[in-house]
Structure formats: structure tokens, C-alpha cells
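*Asks:* quick one, what's the 3D model for this:
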Amino acid sequence: MNSRAVLILFLFVLWSLGSGWFYVVHIKEAYPPKEVVETKIEYPVSFLRGSSEAILGSSFETYKESLLTKLDSNEVLEIVGLYSEKEEYLDSVSNLGMERAHNFRLLFPSIAESSISYVSKTSEFADSIGQFEAVRYNVLVNSTYVQETPRGAVLYFPGAAKANLFNAKTKAYLLYLATEHKESVIDLTGHVYTEEPVGENYSAGLKLATEVQTYLINLGMSSYQVSAMSKGDTSPQNNEDTRSRVEVLINK
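*Replies:* Here you go, the predicted structure:
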């Protein structure tokens, strides 16, 4: 290597050292790396891992007002308590999800107990999270034509003999069913009570269930997802309520 090449190499090393020093002393000092700030999510109502005691966030009052606004006097509030099978719960007798649902209910004393339904479901919470949202709710329709249940609904047809079976309430529920449960399997069971022979009521119940099935298929559901059957007049809800109805069972 000649002296010219040695000189060039020396100048390159010198330039590299000088550039590094300038970056560390001046540029990095002027623009220090930003600290990573962990964002903590605050829920209106949350629970600690393994606990059924509700913790209220700063937005709870707004959340409460929104819930009460959605709930009409003739509707049912379904409270779903969530829990993970990995959670250690000191009270081994009680169901943690159900305990959370009942404690959530205590936050709304103005709602009548007859307007509340409780459900417990398993869920998965990340091991790194110690506080999370472990309750959700659904407002179940409870009208003359549609009464939602935790597993589906009962559709009533006071004018089952008429050509136009579906009113606005029924259509709205069936649209919700086809949209929100488009991957679910739906079982429909028709019930019809008339003075006709048992066989006639069975056929009428099947026709009623098939009408609902066809409506759901027209909304985009597959015929393989929706089954229709009949119990005719063999399963009245009670001796006084003999309205024609279709029971909807949602299989997850």
C-alpha cells in the first residue's frame, strides 16, 4: 500500500470518528429519543383479574345515562358477565361471570328486577392485563310481536291467517338476525292454535316457520343455516296465551 492510499484511509477513519462524535454530542443531545408512554385504557366499568367487584371509571355516569336511554319500560336488559377459566377466584362455589353480572346490576337500582336477565360466558383475557372490561349488555326487545330471549326470540303472529305476516317490528328483528348472526345456525319452530284438527295445526305451524325461514334466506342466509319445524298445538306457553308464534333458537 503506497503512502497516498494510507493517507486516504487515515482521513476516512478520522472523518468517521468525527461524524460519530458530532452526532452523539450535538444532534442526539438536541433531539433525544422519545420516551415510550404506555397508554392505559379506562373503561366505564371494569374488574380486576379474579375479582367480581366493579370498578367505576370517570365516564361511568355518561355510560349509565346511555344505557338507561336505550332501555324502554317494556324491554329486558340482558347482562352478560364474562370470565376466563384461567382466573383464580376465591369463592369456588359461585360463578365469577354471574357474580360480575349481578354486581353490575347493582349499579342500576332504578331498573326493575323483572326487566333484567343474567348470563355468564367464558372469555379470554390477555395474561398481561390485570384490569379489563368483563361485562357487556344487550337490550332485548319485548313487544307485542317480538320478545327476545337469551338464546333467540319468540315471534308472535296475531294475524297468522292474513297474507301479510311480517310487521315492522318483526322485519327489523329478522334483519338484525340475518346481519348479526349470519354465521350462526338458526332453528325455527312454529306453533299454531286453532279449532282445527291436530294435523291441520301442525301443517299451519310448519308453514309459519317456513315463511320465516324463506324471509331469512331472502335476506342472505343460507338454507343450510336455517331449519323449520312445527309442534302444532302441542306446546302452548300457557292456557291463556294461544297466539300463533315461531320460536327462534340461535345456535352459536
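
*Asks:* C-alpha from now on. contacts and neighbour counts both.
*Replies:* Will do.

*Asks:* how is this structure partitioned into domains?
*Replies:* Domain ranges of the chain: 45-140, 146-251, per automatic domain parsing.

*Asks:* tell me which of those domains sits most buried.
*Replies:* domain 146-251 (a mean of 17; mean count of other CA atoms under 10 Å).

*Asks:* neighbouring contacts of the host helix or strand of residue 169?
*Replies:* Element membership of residue 169, judged by DSSP states H and E, is helix 168-180. Applying CA atoms under 8 Å, 6 or more residues apart in numbering, the external contacts of helix 168-180 come out as 145-146, 155, 215-216, 219-221.

*Asks:* out of those residues, which sit inside strands?
*Replies:* 146, 155 (DSSP state E).

*Asks:* quick one: which of the contacts of helix 168-180 is nearest residue 104?
*Replies:* Checking those against residue 104 by CA to CA gives residue 146 as the nearest, at 26.2 Å.

*Asks:* tell me the spacing between the closest one and residue 48.
*Replies:* 37 Å (CA to CA, to the nearest Å).

*Asks:* then residue 85?
*Replies:* In terms of CA to CA, residue 85 sits 14 Å off from residue 48.

*Asks:* so who does the nearest residue to residue 193 once chain neighbours are set aside touch?
*Replies:* Distance criterion CA to CA, 6 or more residues apart in numbering; nearest residue to residue 193, sequence neighbours excluded, is residue 233 at 5.1 Å. Residues near residue 233 by CA under 8 Å, 6+ apart: 191-194, 198, 201-202.

*Asks:* helices or strands up against the host helix or strand of residue 189?
*Replies:* Taking DSSP H and E as the criterion, the element that holds residue 189 is strand 185-191. Other helices and strands packing on strand 185-191, by 3 or more CA pairs under 8 Å, 6 or more residues apart in numbering; DSSP states H and E, are helix 198-218, strand 226-232, strand 245-251.

*Asks:* tell me which of the ones you listed sits nearest to residue 44.
*Replies:* That would be strand 245-251 among the helices and strands packed on strand 185-191, by CA to CA, at 29.5 Å.

*Asks:* report the rounded mean pLDDT for that closest one.
*Replies:* Averaging pLDDT along strand 245-251 yields 94.

*Asks:* use 7 as the first number for this chain going forward.
*Replies:* Noted, 7 is the first residue going forward, which turns the last one into strand 251-257.

*Asks:* neighbouring contacts of that strand?
*Replies:* With CA under 8 Å, 6+ apart as the test, strand 251-257 has contacts from 157-163, 190-198, 211, 214-215.

*Asks:* before we move on, what about stretch 194-201?
*Replies:* With CA under 8 Å, 6+ apart as the test, stretch 194-201 has contacts from 207-208, 210-215, 218-219, 232-242, 248-255.

*Asks:* the same query, at a cut-off of 6 Å, please.
*Replies:* With contact meaning CA atoms under 6 Å, 6 or more residues apart in numbering, stretch 194-201 is reached by 207, 211-212, 214-215, 233-239, 248, 250-254.

*Asks:* that older thread, and the average pLDDT for the helix holding residue 175 is what?
*Replies:* 88.

*Asks:* try stretch 227-247
*Replies:* Mean predicted confidence for stretch 227-247 is 86.

*Asks:* end to end, how far does that stretch reach?
*Replies:* End-to-end span of stretch 227-247 (CA to CA): 31 Å.

*Asks:* excluding chain neighbours, give the residue nearest to residue 96 in space.
*Replies:* Take residue 96 and drop its neighbours on the chain: the residue closest to it by CA to CA, 6+ apart is residue 56, 7.7 Å away.

*Asks:* same deal with residue 143?
*Replies:* residue 85 (4.6 Å).

*Asks:* partner residues bridging that neighbour?
*Replies:* residue 124, residue 143 (DSSP bridges).
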